[in-house]
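Chemist: Sequence plus predicted model, see below.
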Amino acid sequence: MILHIDMDAFYASVEQLDNPNYKGKPVVVGGTSNRSVVSAASYEARKFGVHSAMPMYQAKQKCPDAVVLPTRMARYKEVSKKVISLLKTFSPLVEQVSIDEAYVDITGCDRLHGPPVEIAHKIKKQIWEEVNLKCSVGIAPNKMLAKIASDLDKPDGLYIIEPDKAHDFMVGLPVHKIPGVGKKTWKKLEKMGIKTLGDTKNIPEKTILEKLGKFGHTLLDISSGLSRSSVAPVREHKSVSSETTFDRDTNDLKRIKEYLLIQSEEVGRELRKKNVKAKTIQIKIKESDFRLRTRSRTLTVPTQSSDIIYKTAADLLDNFKASKKIRLIGVGAAGFVPLSSPIQLDLFENIKKKDNRWETVDKTVDKISKKFGKDVVKRATLCDKKDGPAKT
């Protein structure tokens, strides 16, 4: 049996926890600029139709009295870490899939903690007592059904799909309840006559695969009960990134590069925290017409140096021919390799020495920032920067 634990309105709930004046009020997290995007909305705000991924200006229109707050990722990560540590006291098989949700394999844990429903109640009780937050829990024979179950009784809910009832549950499950099915896919499925998972039995397999492509295989597997993904306690991080949405669209290259520098430092800091280097640097650009472009480069020598990341990102930007003003800029790093990964020193010794010098500086700054705060040490080019963007 698998549990899916989903923290209710996590960012907004943490804000209400830290500031009692926000309790009972419509809290919207994501940034105070109209160009921001909603990251989380409290259930008081959701009553007005506010939801995550909604443009902030729309959220303010729907809920004029909303308490709009910027994201505080460091705080959310701190609370998330406490929740995950608590879950590990119930089972060693805990897979964190995002900052506010995780799977727990409780198979065989009944002798220690009781049957599944009792374990779920204990988890909810301990999270409330130790973290002062509420969560919803889904219980099912596999991860996919557990995730669906946790969404059926929100907030502060608990829903169980017993193994002997799983097939009947799946047959009658509306397809829009399947994780990953968005509005476009939902409409496409309805046109095909597929409103529930059971409806897939009435459509030839060939037709489903031709019209839905890769998702067709996923849909057929789910409808046949072939969702056997196990709970993996350690998930490999494949990339890190940072991005910014500007208050106003801009073609000011100097200003854009200032933000590239800030983001490169954040990405480099995260790489050093993970003790990895990255082989690929990528920039993400969204123009004023919302068209999204990416440009990437594979490095000769993997790096975790903020300076190398920035110079690569800036060069990618210089070679990008923007046809319109830029709305969003972002930097990412991927292709992780361990710090001990060997390179050909005879070919790249000078590059490695230069990289190491910058990494030594970065690590020193990391230590100072950890002790005294991120804003204590700044690059000279950023010292006079007064205006701030809205982070997404």
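Modeler: Here it is on my side, so go on. Bear in mind the structure is a predicted one, so any value in this text is a computation, not a measurement.

Chemist: Confirm M144 sits in a strand?
Modeler: No - checked against DSSP: H, G, I helix; E, B strand; the rest coil, M144 lies outside a strand; its state is helix.

Chemist: Tell me if I123 really is in a helix.
Modeler: Yes - using three-state DSSP, the assignment for I123 is a helix.

Chemist: what about it, distance to K321?
Modeler: Note on I123: its distance to K321, by Cβ to Cβ, to the nearest Å, is 53 Å. All C-beta atoms are positioned from the backbone trio N, CA, C, and that covers glycine.

Chemist: So these two - more neighbours on which side?
Modeler: I123 (23 against 5; other Cβ atoms under 10 Å).

Chemist: Quick check, the more buried one in contact with I5.
Modeler: Yes - between I123 and I5 there is a contact under Cβ atoms under 8 Å: 6.6 Å.

Chemist: Common neighbours of these two, please.
Modeler: L87, V104, C135, V137 (Cβ atoms under 8 Å, 6 or more residues apart in numbering).

Chemist: for the stretch 251-392 of the chain, what spans make up the helices?
Modeler: 253-274, 306-318, 345-372 (DSSP state H, counting those that start in this stretch).

Chemist: And for the stretch 1-150 of the chain?
Modeler: According to DSSP H, counting those that start in this stretch, the helices that the stretch 1-150 of the chain contains are 10-18, 43-46, 56-62, 73-87, 110-113, 116-131, 143-150.

Chemist: And for the third one, what's in contact with it?
Modeler: Put plainly, it is helix 56-62. The contact list for helix 56-62, computed with Cβ under 8 Å, 6+ apart, reads 28, 30-38, 41, 45, 48-50, 66, 68, 390.

Chemist: Give the PyMOL command for selecting the buried subset of the residues you listed.
Modeler: To isolate the buried ones among the contacts of helix 56-62 in PyMOL, judged by 16 or more other Cβ atoms under 10 Å, type:
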select buried, resi 28+30+31+33+35+36+37+38+41+45+48+50+66+68+390
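
Chemist: Point me to the residue sitting closest to the centre of this structure.
Modeler: S98 (5.6 Å; Cα atoms, centre = their mean).

Chemist: That one and S91, how far apart?
Modeler: Computed as Cβ to Cβ, the S98 to S91 distance reads 19 Å.

Chemist: so for the helix or strand harbouring T185, what's the average pLDDT?
Modeler: Using DSSP states H and E, T185 sits within helix 183-191. Across helix 183-191, pLDDT averages out at 82.

Chemist: List the buried residues in the helix or strand that it is followed by.
Modeler: Sequence-wise, the next helix or strand downstream of helix 183-191 (DSSP H and E) is helix 205-212. Within helix 205-212, the residues that count as buried by 16+ other Cβ under 10 Å are I208, L212.

Chemist: helices or strands next to helix 205-212 in the packing?
Modeler: Packed against helix 205-212 by the contact rule (3 or more Cβ pairs under 8 Å, 6 or more residues apart in numbering; DSSP states H and E) you find helix 183-191, helix 214-223.

Chemist: mind checking which of those is nearest G198?
Modeler: Closest approach to G198 among the helices and strands packed on helix 205-212 (Cβ to Cβ): helix 214-223, 7.5 Å.

Chemist: Does anything pack onto that closest one? Which helices or strands?
Modeler: Against helix 214-223 (3+ Cβ pairs under 8 Å, 6+ apart) you get helix 205-212.

Chemist: got the angle for the helix it packs on vs helix 183-191?
Modeler: Interaxial angle, helix 205-212 versus helix 183-191 (axes from the mean of the first three to the mean of the last three Cα atoms, to 10 degrees): 150 degrees.

Chemist: how many degrees apart are helix 205-212 and helix 214-223 in direction?
Modeler: 130 degrees.
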